[in-house]
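Enquirer: Structure for this input, please:
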Amino acid sequence: MWRNELRVLYSKCSIFKYLESNIRVTIMMNREHIKNILLVAIATTIMGQVFINPFNSTFRITLGIPVLVLLLLKFEQVPIITTNIVTAFSVVTLRFFIDYSSHAGDAISLLNKHMPSAIFYIVFGILLQKLI
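Expert: All right, here's what the predicted structure looks like:
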């Protein structure tokens, strides 16, 4: 009896269909998608190291964002938000290890220094997803 009620609820609720389609998309993501996500993340991370500090502070203007946008437009099939989360993690990790190896501060202060860029990449991905 309760199975029939669940089927009726499932057929009427669009949230279940949305979740099912997202799970299906995630499962169907093959090696080519993962390779493209990693390629975008690595290229963006490397180009993110080409920067200027216009205000003599920790604020950076990098080439990472233009490269990210161009590669996301080139690889249309990759999920934008997932790619930006992976990119944010890789950018923060590389910047953290570069600063940590040069003894620029302790681990907590370095993470506090570079976390705003991770938040920027994730928010940028969400906004770009809404635009595209």
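
Enquirer: going forward, measure contacts between C-alpha atoms and count neighbours the same way
Expert: OK.

Enquirer: Please name the nearest non-neighbouring residue to residue 111.
Expert: Using CA to CA, 6 or more residues apart in numbering and skipping the chain neighbours, the partner closest in space to residue 111 is residue 96 (6.7 Å).

Enquirer: before we move on, what about residue 106?
Expert: In this structure, residue 106 finds its nearest non-sequential neighbour in residue 100, 7.2 Å apart by CA to CA, 6+ apart.

Enquirer: So the one you found lies in a strand, does it not?
Expert: No. Assessed with DSSP: H, G, I helix; E, B strand; the rest coil, residue 100 is helix; it does not lie in a strand.

Enquirer: Quick one: low-confidence residue ranges for the chain.
Expert: Regions of the chain meeting the criterion pLDDT under 70 cover residues 1-29.

Enquirer: and the residue nearest to residue 106, how many neighbours?
Expert: The burial count assigned to residue 100 is 15, neighbours taken as other CA atoms under 10 Å.

Enquirer: list the contacts for residue 33?
Expert: 77, 78 (CA atoms under 8 Å, 6 or more residues apart in numbering).

Enquirer: What are the buried residues along the helix or strand hosting it?
Expert: Element membership for residue 33 (DSSP states H and E) is helix 31-47. For helix 31-47, the neighbour count (16 or more other CA atoms under 10 Å) marks 33, 36, 37, 38, 40, 41, 42, 44, 45, 47 as buried.

Enquirer: Other residues contacting the lengthiest helix in the chain?
Expert: Longest helix of the chain, by residue count under DSSP state H: helix 107-131. Outside helix 107-131, the residues that touch it by CA under 8 Å, 6+ apart are 58, 80-81, 84-85, 87-89, 91-92, 95-96, 99-100, 104.

Enquirer: Name only those of the residues you listed that count as buried.
Expert: Buried, going by 16+ other CA under 10 Å: 80, 81, 84, 85, 87, 88, 89, 91, 92, 95, 96, 99, out of the contacts of helix 107-131.
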